[in-house]
Each structure stands twice: as C-alpha cells, then as structure tokens.
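[1] What shape does this take:
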Amino acid sequence: MENLIYLILLISIFPISIQSKVSISISPSTLNKSGDPVQIQWSGVESPSKLDWLGIYSPPNSSHKHFIGYVFLSSSPGWESGSGSVTIPLVNLRSKYSFRIFRWTESEIDDKHHDHDNNPLPGTKHLLASSEELRFSPGRGPEQIHLAFTDQDDEMRVMFVTEDGSERLVRYGEKEEELDQIVAARVARYERKHMCDSPANDSIGWRDPGFIHDAVMTNLQNGSRVYYQVGSESKGWSSIQNFMSRNEDSDETIAFLFGDMGAATPYTTFVRTQDESISTVRWILRDIEALGDKPAFVSHIGDISYARGHSWLWDVFFNQIEPVASKVAYHVCIGNHEYDWPLQPWKPDWASGIYGKDGGGECGVPYSLKFNMPGNSSEPTKANGVPTRNLFYSFNMGSVHFVYISTETNFLKGSRQFSFLERDLESVDRKKTPFVVVQGHRPMYTTSNELRDTPLREKMLHHLEPLFVKNNVTLALWGHVHRYERFCPLKNYTCGSMGVDGEDWEALPVHLVIGMAGQDWQPIWEPRPNHLDVPIFPQPKRSMYRGGEFGYTRLVATKEKLTISYVGNHDGEVHDSVEILASGQVVNGGVGAKFNESVKNSRSRNGMLESSFSWYVMGGSILVLGAFIGYIVGFVSHARKSRNNWTPVKTEELQ
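    Have a look, this model is predicted:
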C-alpha cells in the first residue's frame, strides 16, 4: 500500500500530471503537398517560460531528442498567457509528423549538448503535451523535381523522389494538352549502411531518403518549349511543368551561377540553415520567368544543401529549388560539405588540415545519387560505400564550354581528373565555343583571410593554373568563401595587361569567387601583414571588386562577347560586371550605372551586340511568385544572423 501511495505521488508531481493540463492541436491534420502550412495551437501552459519549446518530429515515434527541429513558444504573440499558436510550412518526408511541447529550465541547460552554432540544444526531460499525427495526402504525385543536361544536346534528364520504388513514368510533348511521348524512370536508393559515420548514419541524422527516379527525355527539338509531368496512374501525377530545350543552332548562352546556397527551414535545427537562400531562388526565378523562350541553366558550385548528415535538409533543399530546377537544368559540382570525412580515401599529407568532417558523415552518397550530371566520373568512397559521382564533367551551351571539377578529390598530375581536364581543355573547338568557363568549389585565388586552404591553393596553382593559362580559359569560378570577389586577368598572382590603351595584352583567366548565395558565415578579408589585429583590410591590386552582400551571378554570352554580372539579393540589381571578348581580352569591368555606360561606349567602338538580358528582366521584376511565396511565408518569421544591408567592401573595410 505504501508503494502504491508513493507511485501515485510521483505521478501527481512529474511530467504526466503536467501533460494532462496542457492541450495541443493541429490544423489541418492532412497536408496536400510539400510547403503547405500547419497551424499548431496550445493552451494551459502554467507559469510560461521563454525556454518552453515545441518539438517537430518525423516519424512520430522518434525519441524525444531526435526531433527534426524546434521553435520556442515565446515566438507566438501572447505566449505569456499560456496559450498561443505557430504556423509552419512542412516538407513531405514520406512519413507522418507529430509535435510535442516541453518545459526546459535554465538549471538543465547542458553546454556540452549544443548545435552547430554552439547554442545549447533544448532538453526533453519534461514533456507537457503531444499532438495527434499529421500526414500528407496520397496520390499527390512525385516531388523534388529537377532537370539536368545529358551528354546529348537533344535530351533533358529529369529526377524526382517518391515514397516507394514502384514504376514511375515521364510523359512529355510540345503541347501541354498532348503529352504523347512516354519514358520509364529507373529507380535508385541508398541506405543507412552506405553512410560513413554519425550523424548521417545514426538516429539523429538518418531519415528514409525515399526512392530517387531518373529518366531522360529524348529527341527534343532545338530551342523548343517542352511540357512534361512525372508519376503514374496508380500513385498520382505531378502538375505539368515545362522547360526550354537547348538550341545547338544558337550562339546565345544564359546561365545563373553561384556557390554555397543551402536551404532555409522555418524552425531551428541541429545545424545552421541559410535564410538568405530564399532570396537567391526568388530573384533567379524572376529572371527565368522574364526570359520567355530563351534556354538557360543554373550552376551551383558546391556546398549544396548544407545537410551535413541531417537527411531531411536534403528534402528541404530540393523542395526549395523545385520552382527553378523544374524549369531549367540545375548543375552542380561537389563541395566540402557534401564529401569531406576522415574515412575518405584521398587525403594527402599536405591536406591533413584541410579535408575534415565537413560532410557530416555523408561521404558524398546523397550528392551522388540525388544528382546525375553528364559524363561518368566517379571515385571510391569508404569501404562498401557508394562511389562518389558527379565529380568532373563538361558540356556546351551556345557559345560557351562549361567545365566542372572537384577540389575535394585528387586533381594532381597523374590523377584521372587531371587527365580529363587536360584532354577536355585541349579538345575545345574555339570556333564553336569561343569561351571556356571552369568551375570548382574551393578557390584558387581569394583575398579572404582563409589560411587553412593555403596548401590546397598552392597545389592548384602548381597543377591546374598552367592548364588554364595554356588553354586560354576565359573564366574560373569558385565558391567556398561566402563573398563575391572579382580579379583581374591573372597568372601567378600577377595581373596581365588588358590592352585598353593599345598596349600588348595576353588572354589570361579572370577568376571570380561567387560563394555568396546563402551561407552567412563570413571570413574577414586578409589584414595588413604587420597589423593583424587592426581591422583594416587593404584590397590588393589583383582584386578588382569585393562585395559582402548575398547574391548570384548572371552570365550572358554571344560568339562575340561574354558578360558576367553580380546581382545583389537586397535589390535584385547588378552591382558589378565584367565583359570579355572572344579573343580573351577584358574590355570592361565596372559597377552599376558606370558599367552600363561603358557597355554603350564599347558597343559604339567595336560594333558589338548589346546584351539583351536587361530587357528580359524588365518585365519579370513585377511577377507574382505565388506558389513559391506560399512556401516561404513561414520562413521569414524566425530570425538568425544575416546581412540585411548592402555592404560593398572598400579598400579599407572596418569591422
């Protein structure tokens, strides 16, 4: 009898009694598609605290500490009354969701249990309430649709994700009402055992990735609009999408290029997410809509989703880019946050301080299966792992030959990658594609104070730069440093003459760092050598422009001229540009209106065609992006460190 009384006393004191007083409800209980919002309401929280929090769980049977993310109840107006609500858009993870409210006290804060930003993760000792389960409706069709070029000009690859491996089809045609061509998609999948290490292969990071479907639409007409949808009669079809096919008869090239974008979540999770990625996608979508019947593509050069072993962030990323990636080919190269882990096979002595744990134990597996780039490059991963793919490849688009390389795997002389790059650059038909653009993740040149990668940059300068110079590479684009920086035509840290005053000039590569699409962690610029503690950062002569704003770049080329422009996310306007002729001569580089004036002067002198891109954008800047905005409504309410103001970096930057 005494034991029974003691048990009753315990029940009356601890979480079960608290839980019975707090109610939690969700509306609706079924969502139609990824990005749809759910409202979570609660009441009855006694003596509310700023540390009370709402946990988001999928699948619903996850243990308390294995949440997807969380929000504090204090984010709701009037939370001090013990009641409130939050609205959160959710991505379909092919599993149900549930929500739990916890009380967390200051005395229980554990500084050893923290997130990527070293903030303590909330404790789960005191459960106050649990919700019913939320599900996604069946028959809605596949999601995470994204396109890519193949090795053939008259093809387009489409990939998507479903909850099972049953057959899915792609039906397509040149009329929306007549999708008379059908192709079956092959299916692939990876398992927990294929991951290298924690968190990617443990209960915190691993979630069912679904089934990845891959199909190729063939025999496409040059520069035609193609309508398509993916799915099946029994499991449902996606909405009808469309894209412009490549036109091998056209010299015009349009591309949107950036690195290090990531994705945004409407909740806090184990790793830092990238709120500014929403703006990057929004502006690029504006530009694509404004192009009309002009083919284009996107180039994302490394650090793709920043999942770092947390599987659901890949789902968030692909859902976020789908409005763009379902309309134009979305091309990638591998970055440190997709690949790096101590178990990876290539880690030379000089790179012991460079290649670390940035990949979160993924070892390139999700990247290798969720994308399928042209070519067939691959390298071994850890023992029994899935080989890492999509490492180095190339393709032509209009007047430009695009090359992608991996800075995370062997690029030294004698490697497969070096041999590919050497053969590829030497075989370019400069009459057909007078411009060559090489892209990789870690930069060969930067004036940021990024000391860790110094040995790698030295190897790139020794092994790769001679290839670039010998083969007259037009542009070299890099990410990794989360800023924008444009250099003069360079060889061995030395600017070549641009011949603007009639002097002799040499065609040298122009290097740009374009890792400013979303990640907000920023290195400082390189300080003065003798005053490392003084926050003044001289801008070397080789650095023509440095910017501290989020954004992306646009590339527009004809056979005569290539223009690449830096667009700031704060206003969607061009803030730096450079023009390069087919000869390799750099004729203009400037900012804003000054650059526009130089374009007019240059056209007058040389009879060159004016870039038409501004005309494409004029109409698109007022588009209402309803479906996309619907997804991001819930994102803007949660604050993280960000750069909200336009901050061009001058010769002396004060910090």
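
[2] Could you measure from the nearest residue to residue 78 once chain neighbours are set aside over to residue 201?
    Sequence neighbours aside, residue 84 is the residue nearest to residue 78 in space, at 5.9 Å (criterion: C-beta to C-beta, 6 or more residues apart in numbering). C-beta: built from backbone N, CA, C; applies to glycine. Distance, residue 84 to residue 201, using C-beta to C-beta, to the nearest Å: 37 Å.

[3] again, but for residue 215
    29 Å.

[4] residues in contact with residue 313?
    With contact taken as C-beta atoms under 8 Å, 6 or more residues apart in numbering, residue 313 is in contact with 263, 265, 269, 271, 273, 305, 306, 307.

[5] Now intersect the residues you listed with the strands, please.
    Per DSSP state E, strands hold no members of the contacts of residue 313.

[6] how about the residues you listed in CSV, adding pLDDT and neighbour count?
    CSV is the format used below for the contacts of residue 313 (pLDDT from 0 to 100; neighbours: other C-beta atoms under 10 Å):
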residue, pLDDT, neighbour count
263, 98, 26
265, 98, 26
269, 97, 19
271, 95, 20
273, 96, 29
305, 98, 28
306, 98, 26
307, 98, 27
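
[7] can I assume residue 251 is in contact with residue 397?
    No: between residue 251 and residue 397 there is no contact under C-beta atoms under 8 Å: 10.3 Å.

[8] which one of the two has more residues nearby?
    residue 397 (26 against 15; other C-beta atoms under 10 Å).

[9] The closest residue to the more buried one other than its chain neighbours: neighbour count?
    Spatial nearest neighbour of residue 397, excluding adjacent residues (C-beta to C-beta, 6+ apart): residue 253 at 5.1 Å. Neighbourhood size, residue 253 [other C-beta under 10 Å]: 25.

[10] What's the first helix or strand after the helix or strand harbouring residue 403?
    Following DSSP states H and E, one finds residue 403 within strand 400-404. Sequence order places helix 416-426 as the next helix or strand after strand 400-404, per DSSP H and E.

[11] Using neighbour counts, pick out the buried residues of that next one.
    Within helix 416-426, the residues that qualify as buried by neighbour count (16 or more other C-beta atoms under 10 Å) are 417, 418, 420, 421, 424, 425.

[12] which secondary structure elements does whichever helix or strand comes after that helix contact?
    Per DSSP H and E, helix 416-426 leads on to strand 435-440 as the next helix or strand towards the C-terminus. Contact partners of strand 435-440 among helices and strands, from 3 or more C-beta pairs under 8 Å, 6 or more residues apart in numbering; DSSP states H and E: strand 297-301, strand 400-404, strand 475-478.

[13] Those into JSON lines, with extra columns for mean pLDDT?
    Output for the helices and strands packed on strand 435-440, formatted as JSON lines (pLDDT from 0 to 100):
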{"stretch": "strand 297-301", "mean pLDDT": "98"}
{"stretch": "strand 400-404", "mean pLDDT": "98"}
{"stretch": "strand 475-478", "mean pLDDT": "98"}
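
[14] Let me have the ones you listed in JSON lines, extended by mean neighbour count and distance to residue 27.
    Below are the helices and strands packed on strand 435-440 laid out as JSON lines (neighbours: other C-beta atoms under 10 Å; distance: least, C-beta to C-beta, whole Å):
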{"stretch": "strand 297-301", "mean neighbour count": "26", "distance to residue 27": "36"}
{"stretch": "strand 400-404", "mean neighbour count": "25", "distance to residue 27": "46"}
{"stretch": "strand 475-478", "mean neighbour count": "25", "distance to residue 27": "46"}
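
[15] Would you agree residue 135 is in contact with residue 94?
    No: using C-beta under 8 Å, residue 135 makes no contact with residue 94, being 10.5 Å away.

[16] Between those two, which is the more surrounded one?
    residue 94 (18 against 14).

[17] contacting residues for the more buried one?
    Counted by C-beta under 8 Å, 6+ apart, residue 94 has contacts 162, 163, 208, 210.

[18] redo that, cut-off 6 Å
    By C-beta atoms under 6 Å, 6 or more residues apart in numbering, the residues touching residue 94 are 163, 208, 210.

[19] That one should be in a helix, yeah?
    No: assignment of residue 94 by DSSP: H, G, I helix; E, B strand; the rest coil gives coil, placing it outside any helix.

[20] what about the closest residue in space to it that isn't next to it in sequence, neighbour count?
    Of all residues not flanking residue 94 in the chain, residue 163 sits nearest, at 4.0 Å (C-beta to C-beta, 6+ apart). Using other C-beta under 10 Å, residue 163 has 17 other residues around it.

[21] what does the one 3 residues further on give?
    Neighbourhood size, residue 166 [other C-beta under 10 Å]: 11.

[22] Any figure for the gap between it and residue 234?
    For residue 166, the distance to residue 234 - C-beta to C-beta - is 8 Å.

[23] you'd agree residue 449 is up against residue 522?
    No: between residue 449 and residue 522 there is no contact under C-beta atoms under 6 Å: 10.3 Å.

[24] ok, these two, which is more surrounded?
    Neighbours per residue (other C-beta under 10 Å) separate residue 449 from residue 522, with residue 522 holding more: 16 against 13.

[25] Let me see the backbone angles for the more buried one.
    phi -130, psi 130 (degrees, to the nearest 10).

[26] which residue sits closest to it, ignoring its sequence neighbours?
    residue 482 (5.4 Å).

[27] Okay, and that neighbour sits in which element?
    Residue 482 belongs to no helix or strand, assigned by DSSP H and E.

[28] Tell me how far it lies from residue 396.
    30 Å.

[29] ok, back up a step: what is the burial count for the residue nearest to residue 522?
    25.

[30] these two touch, right, it and residue 524?
    No: checked against C-beta under 6 Å, the pair residue 482 and residue 524 is beyond contact range at 11.7 Å.

[31] how does this structure divide into domains?
    23-136, 248-524+538-587 (the TED database).

[32] Give me the distance between the two termini of the last one.
    This means domain 248-524+538-587. 27 Å (C-alpha to C-alpha, to the nearest Å).

[33] How far off centre is the host helix or strand of residue 564?
    Assigned by DSSP H and E, residue 564 belongs to strand 561-568. Remark: strand 561-568 is offset 20 Å from the chain centroid, using C-alpha atoms, centre = their mean, to the nearest Å.

[34] Can you name the next helix or strand after that strand?
    strand 574-581.

[35] Can you list the neighbours in contact with that following strand?
    474, 545, 561-568, 586-589, 591-592, 595.

[36] do stretch 427-437 as well
    396, 399, 400, 401, 402, 473, 474, 475, 557, 562, 582.

[37] Now the fifth one. Nearest residue, chain neighbours left out?
    In other words, residue 402. residue 437 (5.2 Å).

[38] same deal with the last one?
    Counting by C-beta to C-beta, 6+ apart, residue 434 is the residue found nearest to residue 582 once chain neighbours are left out, at 3.9 Å.

[39] Residue 99 too?
    residue 131 (4.2 Å).
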